[in-house]
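[1] One predicted model, sequence on top.
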Amino acid sequence: MPERRDAHRPAPGVRRAVPLGDGSARGGHVDPSTPRGMLEWDGHRWVPSGVADDQAAAVKETGTQNAAERVPLARFSALPPAPEPWWPTEEWWRP
């Protein structure tokens, strides 16, 4: 069970940026000129590690924040085989 949980956690040293403006953390496209707080994962929690002037500086510091690249995809070989088409076992004619 811990292996599954650890597979979803970031690796220690991974950095991310969060906006320091009013409101909750939002996407980078919302108010890109707002300063960003830099957070670093230490293996247990996100620890503040610095401040970036805007979204462009934060991306240079942390790299792209594309969550879709981190999602594991299903293996295609794990899908069941396609079922055979159904055919009646004996021929039947309507009188």
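    Now that the structure is in, tell me what you want to look at. Keep in mind the model is a prediction, meaning the values are calculated, not measured. Numbers count the residues shown, from 1 in each chain.

[2] where do the helices sit along this protein?
    2-8, 55-62 (DSSP state H).

[3] May I see the ones you listed organised as a markdown table, with mean pLDDT added?
    A markdown table is the format used below for those (pLDDT from 0 to 100):
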| stretch | mean pLDDT |
| --- | --- |
| helix 2-8 | 76 |
| helix 55-62 | 87 |
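
[4] With respect to burial, which of those helices scores highest?
    Mean neighbour counts were taken over the helices of the chain using mean count of other Cβ atoms under 10 Å, and the top value, a mean of 17, falls to helix 55-62. Every residue, glycine included, has its C-beta placed from N, CA and C.

[5] on that earlier part again, what about the helices of the chain, which gets the closest to P85?
    When the helices of the chain are compared by Cβ to Cβ, helix 2-8 sits nearest P85, at 38.3 Å.
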